[in-house]
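> no sequence for this one, just the structure:
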């Protein structure tokens with residue numbers, strides 16, 4: 001009796017899991033574009049993965065030249081490519097268009113954002129060096145520190161004599 005019950009429970013569990021499990025379906029067109037990192041500086045390396053692109057292809061964007069997509073060995077339906085962002089790319093959001101060999105084309109709007117670099121040089125200042133106001137403030141702070149130190153030293157000295 002116990003064996004029959006165990007077999008019945010096992011068969012029911014197997015049937016439930018076996019029939020409820022989703023079947024692996026091959027994509028017949030590109031279905032998902034992921035760009036990492038989503039925010040990148042000019043000259044940075046952008047990694048793009050595309051699902052439903054088993055044979056590779058190309059990817060394009062106004063922020064980088066046409067770049068090849070190559071299939072990922074462990075994921076039969078996914079391809080990957082690495083693009084270098086142009087040094088002259090303007091800050092803002094960019095689309096990516098992928099053209100997968102044999103499966104079609106897909107565009108992801110605003111897939112990544114290029115950020116502007118920090119301006120080098122004099123740092124935006126119009127003068128070089130400290131201004132007279134800076135010197136006056138710094139000198140005043142040094143003078144106050146000297147006076148405070150002298151008062152502290154004199155008080156400690158007078159306490160020791162008493």
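Perfect, I can see it now. What you see is a predicted model; the values in this text were computed from it and never measured.

> which stretches of this protein have low pLDDT?
Low-confidence segments of the chain (pLDDT under 70): 1-27, 75, 117-128, 160-162.

> if we go by neighbour counts, what in the longest strand along the chain is buried?
Determined from DSSP state E, the single longest strand within the chain is strand 104-115. Buried residues in strand 104-115, defined by neighbour count with 16 or more other Cβ atoms under 10 Å: 106, 108, 111-112, 114. C-beta: built from backbone N, CA, C; applies to glycine.

> make TSV from these and add distance to residue 149 to it.
Shown next, in TSV, are these (distance: Cβ to Cβ, whole Å):
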residue	distance to residue 149
106	71
108	64
111	60
112	56
114	53
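
> sorry, back to before: next secondary structure after the longest strand of the chain?
Sequence order places helix 132-161 as the next helix or strand after strand 104-115, per DSSP states H and E.

> what helices or strands is that following helix leaning on?
The contact analysis (3 or more Cβ pairs under 8 Å, 6 or more residues apart in numbering; DSSP states H and E) places helix 132-161 against no helix or strand.

> contacting residues for the most centrally placed residue in the chain?
The residue lying closest to the centre of the chain (Cα atoms, centre = their mean) is residue 37, at 2.9 Å. Under the criterion of Cβ atoms under 8 Å, 6 or more residues apart in numbering, the neighbours of residue 37 are 44, 46, 112.

> chain neighbours aside, what residue packs nearest to the second one?
Yep, that's residue 46 we're talking about. The spatially closest residue to residue 46, leaving aside those adjacent along the chain, is residue 83, at 4.9 Å (Cβ to Cβ, 6 or more residues apart in numbering).
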